[in-house]
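Undergrad: model the structure of this input:
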Amino acid sequence: WEPQAMFDKMPGVVRTSVGYTGGWNQNPTYASVCGGDGHTEAIRIEFNADELRYEDLLKKFFESHAPSAEQIDQYRSMIFSNSDEQEIAAKQALKSRKTTHAATALRRARKWWDAEESHQQYVAKQEAWSQQLAEQKAAAERKAAQAAKRKQLEREKAARAEKE
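TA: Reported below is the predicted structural model:
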């Protein structure tokens, strides 16, 4: 799901969602896709064509994607087109990259199922969770340092009291 975060940062991208497409299961879940129901994990990208060209999305895809020759449906390297124009652009892009992206296939978009909510914006959620953990750790370290300082002050005070 990492590419979702990358595409979200592109100017002109309106919305992204991660999900499943291309299989036969009429109610796919992450577990069923992992189990081999024929679906591919994919990203649906909605974009403003006045701000961003489809070719720019393809370029970003090819720059950031290293396709595997692995033929597991779940991780197939795929481009799903939604129109004749997109299909032509994708074919041209694939043709010019045949040596590096021979395993990437092109198909017309099929029915789409959003992945479970826990998978949406997964990287952003993980980054937020990591940040929260870092903040909690820093707060605990500050609290421990304050407690240690209080103990030190109490020892010093007790030592002064013994001397008097």
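
Undergrad: got the phi and psi for Met23?
TA: In this structure residue 23 is Gly, not Met. Per-residue torsions, Gly23: phi -100, psi -170 (degrees, to the nearest 10).

Undergrad: separation between it and Arg44?
TA: Computed as C-beta to C-beta, to the nearest Å, the Gly23 to Arg44 distance reads 15 Å. Bear in mind the C-beta positions are built from the backbone N, C-alpha and C, glycine included.

Undergrad: over to Gln121?
TA: 13 Å.

Undergrad: for Gly157, grab the count of nearby residues.
TA: Quick fix: residue 157 is Lys, not Gly. Look at Lys157: counted by other C-beta atoms under 10 Å, it has 10 neighbours.

Undergrad: what strand or helix carries it?
TA: Assigned by DSSP states H and E, Lys157 belongs to helix 122-163.

Undergrad: strands of the protein, residue ranges please.
TA: Ranges of strands in the chain, per DSSP state E, are 13-21, 40-47, 78-81, 105-108, 112-114.

Undergrad: distance between the third one and the chain's centre?
TA: Remark: strand 78-81 is offset 18 Å from the chain centroid, using C-alpha atoms, centre = their mean, to the nearest Å.

Undergrad: need the nearest residue in space to Val13, chain neighbours excluded.
TA: Phe47 (5.1 Å; C-beta to C-beta, 6 or more residues apart in numbering).

Undergrad: correct me if wrong: that neighbour contacts Val14.
TA: Yes. Counting by C-beta atoms under 8 Å, Phe47 touches Val14, with 5.8 Å between them.

Undergrad: which one of these two has more residues nearby?
TA: Set Phe47 next to Val14 and count neighbours by other C-beta under 10 Å: Phe47 wins out with 19 against 10.

Undergrad: residue contacts, the more buried one?
TA: 10, 12-14, 54, 57 (C-beta atoms under 8 Å, 6 or more residues apart in numbering).

Undergrad: filter those to the buried ones?
TA: 13, 54, 57 (16 or more other C-beta atoms under 10 Å).

Undergrad: quick one: mean pLDDT over the helix holding Lys157.
TA: Average pLDDT, helix 122-163: 75.

Undergrad: now swap in stretch 42-57 and tell me
TA: The average pLDDT for stretch 42-57 rounds to 94.

Undergrad: can you get me the start-to-end distance on it?
TA: 14 Å (C-alpha to C-alpha, to the nearest Å).
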